[in-house]
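*Asks:* Give me coordinates for this.
(chains A and B)
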Amino acid sequence: DGGITQSPKYLFRKEGQNVTLSCEQNLNHDAMYWYRQDPGQGLRLIYYSQIVNDFQKGDIAEGYSVSREKKESFPLTVTSAQKNPTAFYLCATSRPSTNYGYTFGSGTRLTVV
Amino acid sequence: AQSVTQPDIHITVSEGASLELRCNYSYGATPYLFWYVQSPGQGLQLLLKYFSGDTLVQGIKGFEAEFKRSQSSFNLRKPSVHWSDAAEYFCAVVAYSGGYQKVTFGTGTKLQVIP
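*Replies:* Below is the predicted model of the structure:
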């Protein structure tokens, strides 16, 4: 079955560390997105990408970085510059020219220890 | 820029009772609107969507939503709630910018279902 795989499901980061969250899809969707979810704040867009080797900053990109070397993969790195990284991170995909909405992965919960 | 408001942070209903979750949007053009549902610790699942045409749209799990342009609303309804409907619900509006589908989400409404 086609879908989105986010790994790991739980991740713990020490102060000053960079960590990378994985997002892999086999839906053949062109566009991929990273959202951060905090209680009471809904989902906020971090980065998005429509094609390989191209990505754009979202509303809260500071302290994050991404790459899009393959259509199937859109990893997110949470750098030490992100001062409050504890959150639930969601990856999503879409077909940019149609109106099917997003397909979401099951998320990664990142906690700073 | 588009925005979405879900005025109810938390709603409690009895199992078997009817449900209405409110959503108001702000967008300059004809909106594309969605409702998503999220179970704890999971991703979001699409319930239904509105793009044009019939203003009453049907979705999965027995949900429906009505688009009212005059009120800038897209409220989600279900005639009889089941305990398994307990989850968080997000309304969203889509805008296209530079070929990208950018979605703006509301802050969510958490639904509790009591026996």
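
*Asks:* Look up how far B:Leu111 lies from the closest residue to B:Leu44 other than its chain neighbours.
*Replies:* Nearest residue to B:Leu44, sequence neighbours excluded (C-beta to C-beta, 6 or more residues apart in numbering or on different chains): B:Tyr36, at 4.1 Å. No exception for glycine: its C-beta is placed from N, CA and C like everyone else's. Distance of B:Tyr36 to B:Leu111, given as C-beta to C-beta, to the nearest Å: 13 Å.

*Asks:* so what's in contact with those two at the same time?
*Replies:* B:Tyr89 (C-beta atoms under 8 Å, 6 or more residues apart in numbering or on different chains).

*Asks:* more crowded one of those two?
*Replies:* Taking other C-beta atoms under 10 Å in any protein chain shown, B:Tyr36 and B:Leu111 do not tie; B:Tyr36 has more neighbours (25 against 21).

*Asks:* what distance separates the helix or strand containing the residue nearest to B:Leu44 from the centre of its chain?
*Replies:* Here B:Tyr36 sits within strand B:32-38, counting by DSSP states H and E. Its chain's C-alpha centre and that of strand B:32-38 lie 5 Å apart, by C-alpha atoms, centre = their mean, to the nearest Å.

*Asks:* residues in contact with it?
*Replies:* A:99, A:101-102, A:104, B:21, B:23, B:25, B:44-51, B:59, B:61, B:63, B:65, B:67, B:74, B:76, B:87-95, B:103, B:105, B:108.

*Asks:* How many residues are close by residue 9?
*Replies:* Just so you know, I chose chain A. Per other C-beta under 10 Å, the neighbour tally for A:Lys9 reads 10.

*Asks:* The intended chain is chain B.
*Replies:* 11.

*Asks:* Over to B:Leu47?
*Replies:* 24.

*Asks:* Residue in chain A with the shortest distance to chain B?
*Replies:* Closest approach between chain A and chain B, counting by C-beta to the nearest C-beta: A:Phe104, at 3.5 Å.
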